[in-house]
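> Dropping the sequence and predicted coords here.
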Amino acid sequence: MNRLLVGALALALGAIPATAQSLEDLNIQIHGYATQGFLYTTQNNILTTNSSNGSPAWSEAVVNITSQPTPKLHVGVQARYFLLGNYGNAITLDWAAADYKASDKFGVRFGKVKIPSGLLNEIQDIDPSYTWSLLPQSVYPISSRNSALAEYGGVVYGTLKLGPKLGKLEYRGWGGEIAIGPNDGYWVTFKEEGIALTNGLNGVSSGTALHWKTPVSGLMLGASYTRLNKSSSPFVDTYVVPAGPSTGVTITTPGALVLNAINEPDFFGRYEKNRFMIAGEYERESAIVLLNGLSPYPERSDSRPWYGMTSYKVTDKLTAGVYTTQDVNHQSTLGPARYFKDWAVSGRYDFNSFLYAKAEQHFINGTAVGYDAALNPPTVALPTGLQPSTRLTILKIGVSF
């Protein structure tokens, strides 16, 4: 994977003409932001934090460096520090790519590139750019943000003019290797069962996207399709024998996790006019997970997440918004663990062009997204460890430069 990144940067640097070697000529820019969040839930601990007691364990800092050595070539890299409860607490590489735009009709970028799927995936890493503290968790779970944002590979893109009565069509096509890290939220359930994927899971990913800028001013309609090919990874299952002659003995069993191909069609739209914005997105994800080496463990998933959101810029400094989002796994048994439903009411205040604050209230029903068993242990009164609903309050402050 690193060869792709090194190759991309080497090619970009090699393309810099001899007459553009000074820092001024390279047009180097440095930007970034830092945020600190606080979470409180009325019941249930969420996102691997002790939120029922109030938790400040949500910190993030991002720095990116970009350069334009020639009019058609851009080079950039972005690093991120992230901590959310038991997620992260590490510095990671968000993206690092070279982008060559030959014309409005055709461009290419390669390296570790953002995956241009859906409506909001490419801006997950830019907290100052949107109103919400949390994007809709049914489609953009923060626990998988690192894995979903980018891949090692390439993207081709461009804009085609369809005429004054038909608008413009933006296209994107991509392919490469995506890595679902060993600490990704996707593996929380497995880890709590003693199944450790020390290397995470790598697989070949590809996709296409179309954005239609319609003749109606401010209206965009789009669709994307993403596929992660079948992939596998070794694991180690560790557990303690609960009863019998071997009580207390630790057993370690090797095996292999097999993730069958994941297919994700996605449909979305956005309308903006003056101070008003409305948007929505619908996705379907189907997959089968097998744990070879253990007793049969086929876990089928057929989830259909969606959201609808709207925001209004009340004043130049104050923006208010609301969204509703749902996710239902049609392969799960009936009960709160089958679904996730959330209403969020948000407010953002920009003190100036550098400092902002966000406040958000979530009304959550169902336990399919965002919860882990370790911080919600079962009790006699509550065998699953989780209440079927909870209320989440988020406060966040951020600074950008």
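Looks like it came in fine. Note that the structure is a prediction, hence the values are computed from the model and not measured.
> The helix or strand harbouring Val345 - what's its average pLDDT?
Secondary structure from DSSP states H and E places Val345 in strand 339-350. Strand 339-350 carries an average pLDDT of 97.
> Likewise for stretch 70-78?
96.
> Now the residue nearest the centre of the chain. Nearest residue, chain neighbours left out?
Of all residues in the chain, the one closest to the mean position by Cα atoms, centre = their mean is Arg145, 3.0 Å from it. Among residues not flanking Arg145 along the chain, Gln124 sits closest, at 5.5 Å (Cβ to Cβ, 6 or more residues apart in numbering). (Glycine included, C-beta is placed from N, CA and C.)
> quick one: what helix or strand has the residue of the chain most remote from its centre in it?
Largest separation from the mean C-alpha position in the chain: Pro245, at 46.4 Å (Cα atoms, centre = their mean). Pro245 belongs to no helix or strand when assigned by DSSP H and E.
> separation between it and Ile251?
Counting by Cβ to Cβ, to the nearest Å, the gap from Pro245 to Ile251 is 13 Å.
> next one: Phe340
34 Å.
> Val236 is in contact with Thr253, isn't it?
Yes: counting by Cβ atoms under 8 Å, Thr253 is a contact partner of Val236 at 7.3 Å.
> before we move on, the earlier item: buried stuff in the strand holding Val345?
Residues of strand 339-350 classed as buried: 339-342, 344, 346-348, 350 (neighbour count, 16 or more other Cβ atoms under 10 Å).
> residues making contact with it?
131-134, 136-138, 311, 316-329, 356-370 (Cβ atoms under 8 Å, 6 or more residues apart in numbering).
> Sheet partners, orientation included, of that strand?
According to DSSP bridges, strand 339-350 forms sheet pairs with strand 318-328 (antiparallel), strand 355-365 (antiparallel).
> Adding mean pLDDT, write the ones you listed out as JSON lines.
Below are the strands paired with strand 339-350 laid out as JSON lines (pLDDT from 0 to 100):
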{"stretch": "strand 318-328", "mean pLDDT": "97"}
{"stretch": "strand 355-365", "mean pLDDT": "98"}
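> Export the ones you listed to CSV and append columns for distance to Gly185.
CSV is the format used below for the strands paired with strand 339-350 (distance: least, Cβ to Cβ, whole Å):
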stretch, distance to Gly185
strand 318-328, 14
strand 355-365, 16
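> List just the one of those strands that sits closest to Gly76.
Taking Cβ to Cβ, strand 355-365 is the member of the strands paired with strand 339-350 nearest to Gly76, at 23.4 Å.
> Any idea how far that closest one is from the middle of the chain?
18 Å (Cα atoms, centre = their mean, to the nearest Å).
> thinking again about what came up before, quick one: buried residues of the one helix or strand the residue nearest to the centre of the chain maps to?
Following DSSP H and E, one finds Arg145 within helix 145-149. The neighbour-count check on helix 145-149 (16+ other Cβ under 10 Å) flags 145-149 as buried.
> Dump these to TSV, plus distance to Ala279 and pLDDT.
Converted to TSV, the buried residues of helix 145-149 look like this (distance: Cβ to Cβ, whole Å; pLDDT from 0 to 100):
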residue	distance to Ala279	pLDDT
Arg145	19	90
Asn146	24	86
Ser147	24	88
Ala148	18	92
Leu149	19	95
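> for those, which one is nearest Asn27?
With Cβ to Cβ as the yardstick, the closest approach to Asn27 among the buried residues of helix 145-149 comes from Leu149, at 25.0 Å.
> Kindly provide the distance from the closest one to Ser286.
Following Cβ to Cβ, the distance that separates Leu149 from Ser286 is 22 Å.
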